[in-house]
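Chemist: Need a 3D model of the following:
(chains A and B)
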There are 2 protein chains.
Amino acid sequence: MTISREGTNLDPWYGHYAERTAGLSASEVRALFAVASRPEVVSLAGGMPAVSALPLDTVAASMERVMTERGPAALQYGSGQGTPELREHILEIMALEGIRAGVDDVVVTTGSQQALDLVAKLFLNPGDVVIAESPSYVGAMGIFRSYQSEVAHVPMDDDGMIPHALTERIASLRAAGRSIKLLYLIPNFHNPAGVTLSAERRLEILDIARKNDILIIEDNPYGLLWFDRPAPQAMRSVDDEGIVYLGSFSKTFAPGFRVGWALAPHAIREKLVLAAESAILSPSSLNQMIISDYLDRADWRGQVDVFRGLYRERRDAMLDALDHYLPDLTWTVPNGGFYVWLTLPSGLDSKGMLPRAVKELVAYTPGTAFYADGSGREALRLAFCYPEADQVREGVRRLATVVRSETELLQTFSPTGPIETVHRPHASAPAPQSEPLHPAERGPR
Amino acid sequence: MTISREGTNLDPWYGHYAERTAGLSASEVRALFAVASRPEVVSLAGGMPAVSALPLDTVAASMERVMTERGPAALQYGSGQGTPELREHILEIMALEGIRAGVDDVVVTTGSQQALDLVAKLFLNPGDVVIAESPSYVGAMGIFRSYQSEVAHVPMDDDGMIPHALTERIASLRAAGRSIKLLYLIPNFHNPAGVTLSAERRLEILDIARKNDILIIEDNPYGLLWFDRPAPQAMRSVDDEGIVYLGSFSKTFAPGFRVGWALAPHAIREKLVLAAESAILSPSSLNQMIISDYLDRADWRGQVDVFRGLYRERRDAMLDALDHYLPDLTWTVPNGGFYVWLTLPSGLDSKGMLPRAVKELVAYTPGTAFYADGSGREALRLAFCYPEADQVREGVRRLATVVRSETELLQTFSPTGPIETVHRPHASAPAPQSEPLHPAERGPR
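Modeler: As a prediction, the model looks like this:
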């Protein structure tokens, strides 16, 4: 059959795409999944939970019970909002972080990623601005871009987003005539920065958002996975009208189910359900029922404790190894979650360095993945969640080899001679208030 | 905490939504799910598959094997495109309808609904036009509206969309300066019309789309569920560059898994994977592995035969009952799938009649749900897939009571006296070429 179409040789539909499709590009994290899957590579790249620590027999028993007792319902279409049983359980889980809500205001989604996608679809016109931390979650920025909106970063320090910097950013954006639609935050054990928004700042930022009439998206997949002390209570615990809260079973149970949720103010929730039904009709009945059964029958709080102990051990291994192998560098000290944010010596390029790191059999995520504005070259994200503690140490050792050889290379060929490095104490001393994580905000070095 | 925001009393975020959100509305089908769930109502409304006919033990055994043999992988994040194993299986399934493709060109999605949502997101700018059959699938029209595009209907008859009407529609839209992006078709056992696009017309429509440079979406969830003879081969079997083909496990296996797929030309497929990763990161590994195991181990072709026999019996029951209880009306005769399209006596309103039908303990879907232009009042969709044959008969009997009493009411109060009804033979005689299903296209009656 002869086919002739307009367009390029590579894509006959080239001229047909929507304008928003131009913003679609492969993330740097995506390419890394392929690299990191080689068994000889220690991957400090992907944020994969340690699902092997789950009681697989218990999970299998939940599946069997669901099929035996409610098979036909589990295999059928369900409510677009999710099963009432699971939504009740979700209320119990959120109560652990101080959130009170009604079962009607929860929407179950295909992972919390879908919840964020649907919120973005509901709110973002082309050209709208989303304010986010600097750096921010790569997958969130991909969503915002896919609706042709722009991300404006606000600097963080070790206590999270800096309130006065937020106020200034809002003012300058408004002065430039921009429409600010959302303030996207990961208050607990930030991805990728590893820091936690302090209790005091939560209230300050809530107040700023309220005064400026900006809806907050509180993305909290890691909140229950604290190490030394619980994180401050959720922002949603003190404001039920100005926040869409996103939660997930991917880190406290398992991502293979693809079940997350949004908790939204009533009118937004109604629209969210319609948007969810339009996108997927209904979330998987089977997976919701399996999770409900697991939460009913298994010691899921005990299992979260197991995860906490396991990730704490790996975090400790990473911090020890960084102290030992890269004492001249600076990094954040997470009190939960999956990630450490490492700042490289000035002049190094985390993206350019990655192929050499992979040659040394270690992978990480370059800092540039987490900025919408091209910065982040001198930083990288290290995930301690997936490899065992010994492997974490070995990965950092390999990384140190690469950093040293890159630094030497740079010093050899630098016209200005040896590079200065800065060592910031990272143990328990609070960072200076005005020391943002975003290297581009630090001024000339 | 005092909160003051702009907006309405009902929704403080009223002024903040994206423009596209205005198009979001509850479908008429949605409201019906609540009604139809009352056990005393015979629901001929929703298109729920008869999952009770599945071998539940076999499905449970697949779950157990997946957990025993590959538990940690099943519970982990996976590839955004879907597992290679399942994509291989999908190729085998599509081969049954004449489709040859490569495993790289399949994208696994959260039901084929999500595949359609992603294709719409990739292609539709506000104001773009999607051409669809008249009537068309309510869930597809909801998606198109959610990206601010418009649906232009093209009439069908008993052989599906009428090619010369398509040509005329394209010409008139182009003359009006409209950008036509997609031609959305359900060639087999149409939802809601129940008709099948003839083999000859498939080629004619492919030719029209190619000449006019319009991408076809071939939505085929029901193709394997034929009754008397297989449907013509898929349109995708003769054109691999101009079609995005959508398939689903929801009707041949079970919707509770929420697993469907898109088969797309290479360049579109690349963008689809990126859009899918942005929306949900990856489809459920667990559900994909369970389905792969089921396809490997169970007699799934035999099970599709079971479904075919079961739905054929229910279709026969519905047609017999219509003949018996509503001999003066006209309806389509499906050779597969789930639906019969019933045309009411002129002057009746299927939407207005619904509350009375529910009072008589029968539910259906009003025809207006399936049109973007407000037509469809004198038609309705009857689903024979879910109730058993006796219940289907009883449902039609109850419906006939309502139709008769509505007709009498109309005749009593009509200024022009008794209404004429038309009886079209529906057994195997082909309908006249120029007799479209769309009542609004029939001219004055």
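Chemist: The nearest residue to A:Val259 once chain neighbours are set aside: neighbouring residues, count only.
Modeler: Leaving aside its chain neighbours, A:Val259 sits nearest to A:Phe249 (4.9 Å; criterion: CB to CB, 6 or more residues apart in numbering or on different chains). For every residue, glycine as well, the C-beta is placed using N, CA and C. Close neighbours of A:Phe249, defined as other CB atoms under 10 Å in any protein chain shown, add up to 28.
Chemist: Now do A:Phe249, the pLDDT please.
Modeler: On pLDDT, A:Phe249 comes in at 98.
Chemist: Look up phi and psi at it.
Modeler: In terms of degrees, to the nearest 10, the main-chain angles of A:Phe249 are phi -90, psi 0.
Chemist: Looks like it contacts A:Ile291 (just checking).
Modeler: Yes. In this structure, A:Phe249 is within contact of A:Ile291 by CB atoms under 8 Å, at 5.9 Å.
Chemist: Find residues that contact each of the two.
Modeler: A:257, A:259 (CB atoms under 8 Å, 6 or more residues apart in numbering or on different chains).
Chemist: Can you show me the helices along the stretch 101-250 of chain A?
Modeler: Applying DSSP state H, counting those that start in this stretch to the stretch 101-250 of chain A gives helices spanning A:111-123, A:138-146, A:163-175, A:199-211.
Chemist: Strands of the stretch 201-350 of chain A, start to end?
Modeler: A:215-219, A:243-248, A:260-263, A:330-331, A:339-343 (DSSP state E, counting those that start in this stretch).
Chemist: elements contacting the shortest one?
Modeler: Right, strand A:330-331. Helices and strands touching strand A:330-331, by 3 or more CB pairs under 8 Å, 6 or more residues apart in numbering or on different chains; DSSP states H and E, are strand A:339-343.
Chemist: Repeat that for the third one.
Modeler: If you count contacts as 3+ CB pairs under 8 Å, 6+ apart, strand A:260-263 packs onto helix A:84-95, strand A:106-109, helix A:111-123, strand A:243-248, helix A:266-280.
Chemist: List every C-alpha atom in that strand, with coordinates, as PDB.
Modeler: Extracted C-alpha coordinates of strand A:260-263, given in PDB (Å, rounded to 0.1, in the frame of the first residue of the first chain):
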ATOM      1  CA  GLY A 260      -2.100   6.900  45.500                       C
ATOM      2  CA  TRP A 261      -4.600   9.600  46.400                       C
ATOM      3  CA  ALA A 262      -5.500  13.200  46.600                       C
ATOM      4  CA  LEU A 263      -7.300  14.900  49.500                       C
END
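Chemist: Sheet-wise, list the partners of it with their directions.
Modeler: In the sheet, strand A:260-263 lines up against strand A:106-109 (antiparallel), strand A:243-248 (antiparallel) (DSSP bridges).
Chemist: now those strands in a markdown table, with distance to A:Ala18 and mean neighbour count?
Modeler: Putting those into a markdown table (distance: least, CB to CB, whole Å; neighbours: other CB atoms under 10 Å in any protein chain shown) gives the following:
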| stretch | distance to A:Ala18 | mean neighbour count |
| --- | --- | --- |
| strand A:106-109 | 23 | 28 |
| strand A:243-248 | 25 | 26 |
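Chemist: Export the helices of the stretch 101-250 of chain A to TSV and append columns for distance to chain B.
Modeler: Formatted as TSV, these follow (distance: least, CB to the nearest CB, whole Å):
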stretch	distance to chain B
helix A:111-123	5
helix A:138-146	5
helix A:163-175	15
helix A:199-211	7
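Chemist: Kindly present the strands of the stretch 201-350 of chain A as TSV, with separate columns for distance to B:His16.
Modeler: Listed next are the strands of the stretch 201-350 of chain A as TSV, based on distance: least, CB to CB, whole Å:
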stretch	distance to B:His16
strand A:215-219	6
strand A:243-248	12
strand A:260-263	16
strand A:330-331	38
strand A:339-343	31
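Chemist: And these: which comes nearest B:Pro221?
Modeler: The closest of the strands of the stretch 201-350 of chain A to B:Pro221 is strand A:260-263. By CB to CB, the value is 26.1 Å.
Chemist: Quick one: distance of the closest one to the chain centre.
Modeler: Computed by CA atoms, centre = their mean, to the nearest Å, the chain-centroid distance of strand A:260-263 equals 15 Å.
Chemist: swap in stretch A:208-228?
Modeler: Worked out by CA atoms, centre = their mean, stretch A:208-228 lies 12 Å from the chain centre.
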